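*Asks:* Return atomic coordinates for the entry below.
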Amino acid sequence: MKRCDFCELPVGEGCACALPRDYIGSCGTGTPFSTVKPYPTGDAINISLRGQAHRLGCSHQSGSDVRAPLWGWINYPDPELWQRISESSPLRATGGNTKRAATRRCRSCDH
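*Replies:* Numbering: from 1, shown residues only. Got it, this is the predicted structure:
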């Protein structure tokens with residue numbers, strides 16, 4: 001059974017990742033996202049080096065500051081992904097610095 005590289009759920013059977021077609025490799029898993037865009041787009045979830053998730057437009061940082069290699073992000077996230085971020089369900093970046101993972105949400109962005 002093939003599992004998603006990002007959420008680790010079975011592909012096609014519970015995987016909640018909403019990835020654009022450009023991000024899907026020939027084997028059905030993600031490609032190196034840092035080669036796709038050097039900055040977040042759309043309704044991205046940004047991940048700081050402190051492991052906190054932010055939404056685009058957050059008052060805590062300037063949009064121009066959110067760049068690799070300091071930040072990681074997920075472009076076009078599943079709408080329910082934001083609510084699942086926690087210590088027990090960390091969110092790993094798929095763009096920018098893909099080593100970043102968020103375990104908590106920014107309170108200002110959590111609306």
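*Asks:* use CA for all of it now, contacts and neighbours both
*Replies:* OK.
*Asks:* so where is this structure shaky, pLDDT-wise?
*Replies:* Under the criterion pLDDT under 70, the flagged ranges of the chain are 1-38, 62-64.
*Asks:* Which parts of it are strands?
*Replies:* With DSSP state E as the definition, the chain shows strands at residue ranges 45-47, 52-55, 72-74, 91-92, 95-96, 101-102, 104-105.
*Asks:* Just the buried positions in stretch 104-111, please.
*Replies:* By 16 or more other Cα atoms under 10 Å, the buried positions in stretch 104-111 come out as 104, 105.
*Asks:* distance of residue 102 from residue 93?
*Replies:* Separation of residue 102 from residue 93 (Cα to Cα, to the nearest Å) stands at 8 Å.
*Asks:* Between the two, which contacts overlap?
*Replies:* The contact sets of residue 102 and residue 93 overlap at residue 47 (Cα atoms under 8 Å, 6 or more residues apart in numbering).
*Asks:* deepest of the strands of the chain, which one?
*Replies:* Highest mean neighbour count among the strands of the chain (mean count of other Cα atoms under 10 Å): strand 72-74, with a mean of 30.
*Asks:* Show me what that one packs onto, helices and strands only.
*Replies:* Judged by 3 or more Cα pairs under 8 Å, 6 or more residues apart in numbering; DSSP states H and E, the packing partners of strand 72-74 are strand 45-47, strand 95-96.
*Asks:* The first one - which strands sit beside it in the sheet, and in what orientation?
*Replies:* Right, strand 45-47. In the sheet, strand 45-47 lines up against strand 52-55 (antiparallel), strand 72-74 (antiparallel) (DSSP bridges).
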